[in-house]
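Chemist: Turn this into a model:
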Amino acid sequence: MTFQEGKLDAFQAIFNQSKQHIRDFPGNHHLALLRDPDQPNVRMTYSLWASAEALEAYRQSELFRTTWAATKALFADRAVAFSGQTLEEVTERES
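Modeler: Predicted coordinates for the structure are as follows:
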């Protein structure tokens, strides 16, 4: 998501308000907020869902609709989203 200049604080407030609700949504296993180190106005969310159906239920929810509407108003460019399926699990080595 590419945000308009000066809108990152507003987005961070929206994310902070909704992140625990998203994490608690049925079927959500993980949610993280990432930033592009080379593009300061770009943020990404990374989430893991139990199934495509769980993700779709979230996308049809009031939580998603209100969060997305508030977030979308802050964009400088169209957002890009994609889904994937796990082919192989990689675990971190213990140090």
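
Chemist: elements contacting the longest helix along the chain?
Modeler: When the chain is parsed with DSSP state H, its longest helix is helix 8-24. Counting contacts by 3 or more Cβ pairs under 8 Å, 6 or more residues apart in numbering; DSSP states H and E, helix 8-24 packs against strand 28-35, strand 43-49, helix 62-72. The C-beta positions use only the backbone N, C-alpha and C, and glycine is treated the same way.

Chemist: and residue 56, which of these is closest to it?
Modeler: Residue 56 sits nearest to strand 43-49 of all the helices and strands packed on helix 8-24, at 9.0 Å, using Cβ to Cβ.

Chemist: Mind giving me the packing neighbours of that closest one?
Modeler: Secondary elements touching strand 43-49 (3+ Cβ pairs under 8 Å, 6+ apart): helix 8-24, strand 28-35, helix 52-59.

Chemist: mind redoing it with 7 Å?
Modeler: strand 28-35 (3 or more Cβ pairs under 7 Å, 6 or more residues apart in numbering; DSSP states H and E).

Chemist: Can you point out the buried residues in the strand it packs on?
Modeler: Within strand 28-35, the residues that count as buried by 16 or more other Cβ atoms under 10 Å are 28, 31.

Chemist: tell me the mean pLDDT for it?
Modeler: Mean pLDDT, strand 28-35: 96.

Chemist: gap between that strand and the chain center?
Modeler: The chain centre lies 6 Å from the centre of strand 28-35; the measure is Cα atoms, centre = their mean, to the nearest Å.

Chemist: before we move on, what about stretch 86-95?
Modeler: 22 Å.

Chemist: distance of residue 22 from residue 31?
Modeler: As judged by Cβ to Cβ, to the nearest Å, residue 22 and residue 31 stand 5 Å apart.
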